[in-house]
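Chemist: all I have is the shape, not the residue letters:
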Ligand code: TYD
């Protein structure tokens, strides 16, 4: 049995990642591929429990380092119990966010160094990287409009941070994609879901 593929979707809030994950999974299934769609933080019972700790609105939240450790712990469980077994049996894993979100939010946005985030990832998840990371890029106005429609006033603890935090996150994603063009495909996410989906299929070289 040949190895499957591990595809991550990344981008800021309101980029449309989860819609694109769903559309991609449907397109792959039509081609007879086994697909596992998952998300971070989460994807296994233990990691979903950590998600509740990280994104819930009760309490004062976490300091930046505790937050980075919790994301790394959730990811470790997710990689070992769900992602690696699926890829090893030949499935495609489509994951809504992965370690580049920790690099962008806890690193670029939150103040840990990239080396520190990658060290946590090495310890937790053997440094596993996606085969391809689709960076869905949307202009700030488009993202704001989508978020207002989706969340109203009820953004989660991280999504609800101020605009300058999200600007640092976007700048960090931009740097990662420029530094590693072989692993990242930039996708223009300003269009309709179908238009973006067409760009995703082209990036994966699987056409309509
Ligand atoms: P989610 O509701 O999945 O948001 P979105 O639809 O925007 O992806 O919430 C995930 C939040 O967690 C989001 O604000 C990004 C943040 N996050 C991190 O800060 N670090 C991480 O490593 C991951 C995976 C997510």
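Modeler: Thanks, I have the structure now. A quick note: this is a predicted structure, and the numbers were derived from the prediction, not measured.
Chemist: direction included, what does the one helix or strand residue 8 maps to pair up with?
Modeler: If you go by DSSP states H and E, residue 8 is part of strand 5-10. Applying DSSP bridges to the sheet, strand 5-10 is found paired with strand 92-96 (parallel), strand 132-137 (parallel).
Chemist: dump these into JSON lines; add distance to the ligand, mean neighbour count and mean pLDDT as well.
Modeler: C-beta here means a position set from N, CA and C on the backbone, and glycine is covered the same way. JSON lines is the format used below for those (distance: least, Cβ to the nearest ligand atom, whole Å; neighbours: other Cβ atoms under 10 Å; pLDDT from 0 to 100):
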{"stretch": "strand 92-96", "distance to the ligand": "6", "mean neighbour count": "24", "mean pLDDT": "98"}
{"stretch": "strand 132-137", "distance to the ligand": "10", "mean neighbour count": "22", "mean pLDDT": "98"}
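Chemist: looking at those, which is closest to residue 86?
Modeler: Ranking those by proximity to residue 86 (Cβ to Cβ) places strand 92-96 first, at 5.1 Å.
Chemist: so what touches that closest one?
Modeler: For strand 92-96, contacts defined as Cβ atoms under 8 Å, 6 or more residues apart in numbering pick out 4-9, 17-18, 21, 24-25, 28, 33-40, 43, 82-83, 86-87, 130.
Chemist: off-centre distance for the strand holding residue 8?
Modeler: 8 Å (Cα atoms, centre = their mean, to the nearest Å).
Chemist: wait, does that strand contact the ligand?
Modeler: No - Strand 5-10 does not reach the ligand (Cβ under 6 Å from any ligand atom); its nearest approach is 8.8 Å.
Chemist: just the mean pLDDT for that strand, thanks.
Modeler: Across strand 5-10, pLDDT averages out at 98.
Chemist: ok, now stretch 44-58?
Modeler: pLDDT averaged over stretch 44-58 gives 91.
Chemist: buried residues in that stretch, which are they?
Modeler: Buried residues in stretch 44-58, counted by 16 or more other Cβ atoms under 10 Å: 44, 47, 50, 51, 53, 54, 55.
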